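Asker: When you get a sec, could you give me coordinates for this:
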Amino acid sequence: MGETQFAKVNGIRIAYETTGSGFPLLLLHGFPRTRRTWSRVTPALAERFTVVAADRRGYGDSERPAPPAPYDNATITEDHLQLMKLRGFERFLVVGHDRGAPVARRLATEHPDAVVGAVIMDAAPEGAGSERPRDPSGRSWYLDFFRQRDVAEQIIGQNPRLFFSLFISRHQHLTPEEHDFYAESFARPGGTEAVLADYRAGFEVDRDYWAAEAKSGRKIQVPICAIWGERGPSANAQVLDAWREAAVDVQGGVVPNSAHYIQEEQPEATIRWILEFADYLRLP
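Answerer: Okay, here's the model as predicted:
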C-alpha cells in the first residue's frame with residue numbers, strides 16, 4: 001500500500017492511500033475493516049490503475065466526528081466523491097465491499113457522470129424485491145444489537161478492544177498481526193460511537209432512500225459487476241437477479257472457496273474480476 005495521506009473534504013479529514021498510475025480506481029471498505037483490507041489486491045491493481053483506498057469517516061485513520069454528525073450513505077458518498085475530485089479524478093471505477101457497497105451503489109446511482117462502473121462485493125441491493133432473506137445462521141445478531149441506543153454503547157464501551165477482538169476472531173483467514181491491527185483500530189476513542197452511528201444511519205436513513213428508489217422504478221445506468229463468496233451471507237441468494245432489478249447492465253458471479261471477505265480470502269479471483277470488468281468497460 002502507499003503512504004498515508006490526508007484530505008479535508010466535506011468538512012472532515014479523510015485518510016487515504018494512493019498507489020500506482022493509470023485510470024482511477026476507488027476502493028471502499030466495510031466493517032470491521034479499514035483501507036488495509038485491500039492490501040492483498042492493491043499491488044496487482046496498481047499495475048493498471050491509480051488506486052485510491054480511503055478510510056470511511058469514523059474508521060481507521062479518518063476523523064471520527066461524534067454523533068449527531070452524519071454517518072448516512074449520502075454524506076459518506078459525498079466524502080469520497082469530493083476526495084476523488086480533489087485528486088483531480090473526474091471519472092473513475094469504484095469497488096465497494098460490505099458497508100462500502102451501498103456507497104459504491106449510490107455513487108453509480110447519483111453520479112453517472114463520474115462513475116464508469118461499480119464492482120459490488122458480497123452485497124445485495126437494498127430495496128430490491130429479490131434481496132437476500134434474513135440470515136438464519138445467527139451470525140448477524142449484531143445488526144439488531146447495534147440499534148439498541150445507550151445499551152450498545154455501554155456494553156461495548158466497557159471493553160471495546162475485547163468486543164471487537166471477539167468479533168474479528170470469527171475471520172480465521174486473518175493473521176494474528178492483522179487481527180490485532182483491526183482490534184486496536186476499532187478500540188480507539190470514538191470508534192464505538194462511529195460504528196454504531198454508521199449502522200443506525202443504514203437502518204434509519206438509508207433504507208428509506210433505497211425503498212424510494214425501488215418504488216420509483218429508476219434503474220442504475222452505470223454498469224454493475226456483482227461478485228459474492230461461495231460460503232458468504234449471499235451464498236443462497238439470487239444476487240444477479242436482485243441487481244438486475246436495480247440496474248440495466250449487470251454481470252458477475254460467485255467466487256469459489258470464499259466467505260464474505262473476498263478480497264482477503266481470494267485476492268487473485270478478486271483481481272481477475274476487476275480486471276475483466278475493466279476490459280468490458282474498455283478502460284485503458
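
Asker: wait, doesn't D249 sit right on I224?
Answerer: Yes - the criterion here is Cβ atoms under 8 Å, and D249 meets it with I224 at 6.6 Å. C-betas here are computed from N, CA, C, even on glycine.

Asker: tell me the contacts of the spatially most central residue of the chain?
Answerer: For the chain, the residue nearest the mean C-alpha position is G100 (1.6 Å; Cα atoms, centre = their mean). Counting by Cβ atoms under 8 Å, 6 or more residues apart in numbering, G100 touches 27-30, 56.

Asker: phi, psi of the closest residue to it other than its chain neighbours?
Answerer: The spatially closest residue to G100, leaving aside those adjacent along the chain, is L28, at 3.0 Å (Cβ to Cβ, 6 or more residues apart in numbering). Torsion angles at L28 (phi, psi; degrees, to the nearest 10) stand at phi -120, psi 120.

Asker: Filter the contacts of G100 down to the ones in strands?
Answerer: Among the contacts of G100, the ones falling in strands (DSSP state E) are 27-28.

Asker: ok, so of the contacts of G100, who is nearest L162?
Answerer: Ranking the contacts of G100 by separation from L162, with Cβ to Cβ as the measure, puts G30 on top at 21.5 Å.

Asker: Could you count how many residues lie near N159?
Answerer: 12 (other Cβ atoms under 10 Å).

Asker: how about the helices of the chain, start to end?
Answerer: In the chain, the helices defined using DSSP state H lie at 42-45, 73-86, 100-110, 141-146, 151-158, 160-168, 176-187, 191-201, 207-216, 239-246, 262-265, 267-280.

Asker: Tell me which of these approaches W228 most closely.
Answerer: helix 239-246 (5.2 Å).

Asker: Only the buried residues of the closest one, if you could.
Answerer: Buried positions in helix 239-246, judged by neighbour count with 16 or more other Cβ atoms under 10 Å: 239-240, 242-246.

Asker: Kindly report the same for stretch 58-68.
Answerer: 58-65.

Asker: next one: stretch 114-134
Answerer: Quick answer for stretch 114-134 (16+ other Cβ under 10 Å): 114-128, 130-132.

Asker: Repeat that for stretch 83-91.
Answerer: For stretch 83-91, a neighbour-count test (16+ other Cβ under 10 Å) marks 83-84, 87, 89 as buried.

Asker: How about stretch 181-190?
Answerer: By 16+ other Cβ under 10 Å, the buried positions in stretch 181-190 come out as 181-183, 185-187.

Asker: And stretch 199-208, by the same measure?
Answerer: 199-202, 206.

Asker: Ok, stretch 90-98 next?
Answerer: Residues 92-98 are the ones in stretch 90-98 that count as buried (16+ other Cβ under 10 Å).
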